[in-house]
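>>> Here is a sequence together with a model predicted from it:
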Amino acid sequence: MTGSIRTQTTDKMLVIGATGQISRALQSQFPESIITSSRNYSTNDGPIVDLSTIHTDSSEIDRFLQKSKLSSVIIAGAMTAVDACETKHTDAIRINASGPRLLARICANYGIRTIYISTDYVFDGLAGSYLETDQPNPISYYGTTKLAGEVGVSKENSNSLIIRTTWVYGPDTNAKNFSSQVCKSFESRTPLMVPRDQISTPTFNRDLALKIFELSQSTRTGIVHVAGGQRMSKYEFAVALAQSYKIPADLIVPVATKELQQSACRPLLAGLKSHEQANIVRPFLRKPLPVD
Ligand SMILES: NC(=O)c1ccc[n+]([C@@H]2O[C@H](COP(=O)([O-])OP(=O)(O)OC[C@H]3O[C@@H](n4cnc5c(N)ncnc54)[C@H](OP(=O)(O)O)[C@@H]3O)[C@@H](O)[C@H]2O)c1
């Protein structure tokens, strides 16, 4: 690893994954401090960054990081389609692991801190909720690539932090996320099958963004878990979301995970806890959620 050649940094940070839920929660709360970047567009003259092709040409991001005097790069871009990862192995490993690893190496060259956002899918779901010190054992290709990303980023940049989180919800316009699926099911009057046997700890996206921001400003390295302080099943989570949005939950149908016949295995008893209570954010917000 190359030592730092930078002596001065600004308080600005670059977030990879501009269109994602977590990136947008960061942008909405810290617009002055955040430059976002994705494979198709960027804000504030940030670089275009495609984690799947960065290994063939990293010159644009390299030039940007060399000049930018950023304090940190937050890697919130990922291939998050868990079932697609089972068949698109090359994309999944590049986007979730080797791309972030290379980015962390470039950051290290310029003395820039790297924050990699990860998941409780690195665990097998036999005995959650999990602490930072628990042994990962992914049961899906998504989880395997995210664990490889954690290891690679940590190896390349000694000033890096892995932040694991889970079941992120809250104001967001992204039609892909789970909150949006609950709303869409109501709007289209289409039943939504939701597992009653998957357990985790839902995390409010604005609480998560605040914690990510705080931790990015700290000197913490290693792994931290940031999650909501309440365990519930995915079915209970869906019903709670519907109640928060003040829509009926009658179309939310509880099922067993195996009935969904998904390509990837899901950790059932998952969820996160932390050795540091400060990283456990609010339990599920039982009040109307802002829409965005
Ligand atoms: N949301 C959750 O419940 C949750 C739970 C645990 C962990 N996490 C972790 O948190 C991170 C962010 O999650 P999220 O919910 O914000 O994700 P998301 O809403 O699914 O967004 C993923 C982001 O990654 C970007 N991306 C995909 N392929 C890329 C590539 N080749 N190069 C650069 N960017 C690419 C997407 O850009 P495009 O729009 O161009 O596709 C999008 O901006 C991920 O690492 C995920 O593993 C999320």
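Done, it's in.

>>> what about the residue in the stretch 151-292 of the chain positioned nearest to the ligand, how many residues close to it?
Of all residues in the stretch 151-292 of the chain, Val168 sits closest to the ligand, at 3.6 Å by C-beta to the nearest ligand atom. Using the backbone N, CA and C atoms, a C-beta is placed for each residue, glycine as well. Neighbours of Val168 under the rule other C-beta atoms under 10 Å: 25.

>>> Please apply the same query to Tyr41.
11.

>>> Who's the closest spatial neighbour of it, skipping the chain neighbours?
Ala18 (6.5 Å; C-beta to C-beta, 6 or more residues apart in numbering).

>>> For Arg39, which residues are in contact?
Contact analysis of Arg39 by C-beta atoms under 8 Å, 6 or more residues apart in numbering lists Ile48, Val49, Asp50, Leu51, Ser52, Gly77.

>>> remind me which residues of the stretch 51-200 of the chain are low pLDDT?
Per-residue confidence for the stretch 51-200 of the chain (pLDDT under 70) gives these ranges: 175.

>>> Around the ligand, pick out the residues from it.
With the criterion set to C-beta under 6 Å from any ligand atom, the stretch 51-200 of the chain comes near the ligand through 51-52, 76-80, 95, 117, 119, 146, 165-168, 174, 176-177.

>>> Show the buried residues in those residues.
Buried by 16 or more other C-beta atoms under 10 Å: 51-52, 76-80, 95, 117, 119, 146, 165-168, 177, out of those.

>>> Return the residues in contact with the residue most central in space within the chain.
Compute the mean C-alpha point of the chain, and by C-alpha atoms, centre = their mean the closest residue is Ile117, 4.6 Å away. By C-beta under 8 Å, 6+ apart, Ile117 lies in contact with Ile22, Ile74, Ile75, Ala76, Ala78, Ile163, Arg164, Thr165, Ile212.

>>> mind listing the strands for this protein?
Secondary structure of the chain by DSSP state E: the strands cover 13-16, 34-37, 72-75, 113-119, 160-165, 168-169, 192-195, 199-200, 203-204, 222-225, 227-228, 232-233, 252-255, 280-281.
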